[in-house]
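Q: show me how the following folds:
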Amino acid sequence: MDAGELTRLLRLARAGNKEAEHLLFERVYGELTALARRLVRSEPVNATLTPSALVNETYIRLQPLNELALADRHHLFATSARIMRRLLIDHARARRSLKRGGETVRVQDGECLVTTEAEAEKLCILNDALEHLEAHSPRQSRLVELRFFGGYSLEEAASILNISERTAKRDWVIARTRLKGAMDAGFSLGAS
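A: Predicted coordinates:
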């Protein structure tokens, strides 16, 4: 979908035009599903968190659009990625609390694949580390979120954050180092 058309539909939907809202989600549903597929791989067959379920729950949480004030395509997808992150974290926490069985959760960005309860625990630790990072460096936290959960390239994320690619590269290295340290330590930085 043309970015200008999507922005126009967003404006109309924010103004309360239900037809524009319907068209907007009809046209971005495929892209949201592709994003969800990158984030979630469900096993076994009866798993409760599927890409469709993730997209549908994201859609519900995007309502009403007029309260979110989404400005453009990037803002819509970045917000969707943030919502999906929260949903995945909630799912991983629920999985972690299960004593036996349950579904397998996977999160993938080319570097990380969550497939076991131990990996679900790591995802929760990553989330805690991201929240800690956000308190100290919101831009670095947002960059990680866009790359890891949004599937954006470094260049795309830099553009969304309105920073230079050089700054994005530096922030990416620092953020990954901080997050890896927290993950390797095997402890949650917690919400303190």
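Q: mind exporting the C-alpha coordinates of stretch 11-26 to PDB?
A: Taking Å, rounded to 0.1, in the frame of the first residue of the first chain, the C-alpha atoms of stretch 11-26 are listed here in PDB:
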ATOM      1  CA  ARG A  11      -6.200  10.500   9.400                       C
ATOM      2  CA  LEU A  12      -9.700   9.600   8.300                       C
ATOM      3  CA  ALA A  13      -9.900   6.700  10.800                       C
ATOM      4  CA  ARG A  14      -8.600   8.900  13.600                       C
ATOM      5  CA  ALA A  15     -11.400  11.300  12.800                       C
ATOM      6  CA  GLY A  16     -13.900   8.500  13.400                       C
ATOM      7  CA  ASN A  17     -14.500   7.300   9.800                       C
ATOM      8  CA  LYS A  18     -15.300   3.600  10.300                       C
ATOM      9  CA  GLU A  19     -15.100   2.800   6.600                       C
ATOM     10  CA  ALA A  20     -11.500   4.300   6.400                       C
ATOM     11  CA  GLU A  21     -10.600   2.300   9.500                       C
ATOM     12  CA  HIS A  22     -11.900  -0.900   7.900                       C
ATOM     13  CA  LEU A  23     -10.100  -0.200   4.600                       C
ATOM     14  CA  LEU A  24      -6.900   0.600   6.600                       C
ATOM     15  CA  PHE A  25      -6.800  -2.700   8.400                       C
ATOM     16  CA  GLU A  26      -7.900  -4.600   5.300                       C
END
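Q: state the mean pLDDT of it.
A: Across stretch 11-26, the average pLDDT comes to 87.
Q: tell me which residues in that stretch are buried?
A: 12-14, 20-21, 23-25 (16 or more other CB atoms under 10 Å). For every residue, glycine as well, the C-beta is placed using N, CA and C.
Q: so, low pLDDT: which residues of this protein?
A: Low-confidence segments of the chain (pLDDT under 70): 1, 40-48, 66, 96-120, 122, 186-192.
Q: give me the most central residue, it.
A: Most central in the chain under CA atoms, centre = their mean is Ala81, positioned 3.0 Å from the mean C-alpha point.
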